[in-house]
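Asks: Got a sequence here, can you model it:
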Amino acid sequence: MAARSAALKLDWAKVTTSLGLRGQTAASLHAFKARNDEVRRKLQALQELPTEVDFAHYRSVLKNQAVVDEIEKRFATFKPVTYDVNRQLKAIEAFEVEAVKNAEATKDQVNMELQDLEKTLKNIEEARPFEDLTVDEIAAAEPSIDEKTAKLVAKGRWVVPGYKIKMVWVCP
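Replies: Okay, here's the model as predicted:
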């Protein structure tokens, strides 16, 4: 009973967004929810149907009593078919195992991304202001800058960006 009430209270939209589920995991979860909703709808519709048959009413309304007797006899001997749901339960368990495995993989990936982001944030917080860096420190951090600069200077094409901009001074 507790599982039923928990399933009813579950906000499916928040599950995918809060866990950041994407791809096959999210699609499988949405497909499962759709099947779950359809089964709940069918169960609700079946539960609303009347289960008792008033044969006395039909005997009073119909002239042919033999038909009512035949239907009542068949109704009394009717045994509903029982289905072996073990195959479906195994499929659900396999789906659950796969969903848990995908969720763990997603969790591991998110944790790795969080660690990378935390390192990046720490580097940003501990970095010296750009104005305090020397040319040698920048060149050591990115050696391709020195190589590109040397090529441009050798070809005589190197110009400092913004160097030829004319300044206009306005006096008040």
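
Asks: Which secondary structure elements does the helix or strand Arg74 falls within sit against?
Replies: Arg74 is part of helix 65-77, with elements assigned from DSSP states H and E. Packing partners of helix 65-77 (3 or more Cβ pairs under 8 Å, 6 or more residues apart in numbering; DSSP states H and E): helix 55-61. The C-beta positions use only the backbone N, C-alpha and C, and glycine is treated the same way.

Asks: Against which helices or strands is the helix or strand following the helix holding Arg74 packed?
Replies: Past helix 65-77, further along toward the C-terminus, the next helix or strand under DSSP H and E is helix 86-126. Based on contacts counted as 3+ Cβ pairs under 8 Å, 6+ apart, the elements that helix 86-126 packs against are helix 23-48.

Asks: what comes up buried for the helix holding Arg74?
Replies: For helix 65-77, a neighbour-count test (16 or more other Cβ atoms under 10 Å) marks Val68 as buried.

Asks: From the chain's centre, how far out is it? Work that out for me.
Replies: For helix 65-77, the separation from the chain centroid amounts to 53 Å (computed by Cα atoms, centre = their mean, to the nearest Å).

Asks: likewise stretch 103-120?
Replies: Relative to the centre of its chain, stretch 103-120 is centred 16 Å away, using Cα atoms, centre = their mean.

Asks: start at 15 instead
Replies: Renumbered: residue one is now 15, and that last one reads stretch 117-134.

Asks: Counting neighbours, show which residues of it come out buried.
Replies: Thr120.

Asks: remind me which residues of the protein are low pLDDT?
Replies: 15-22, 172-186 (pLDDT under 70).

Asks: Would you mind splitting it into its domains for me?
Replies: 15-63, 65-94 (automatic domain parsing).

Asks: So which of these is nearest Leu147?
Replies: domain 15-63 (36.3 Å; Cβ to Cβ).

Asks: Work out the gap between the closest one and the centre of the chain.
Replies: Worked out by Cα atoms, centre = their mean, domain 15-63 lies 13 Å from the chain centre.

Asks: Now for Leu35, how many residues are close by?
Replies: 19 (other Cβ atoms under 10 Å).

Asks: Over to the one 5 residues further on?
Replies: The local packing of Ala40 (other Cβ under 10 Å) involves 17 other residues.
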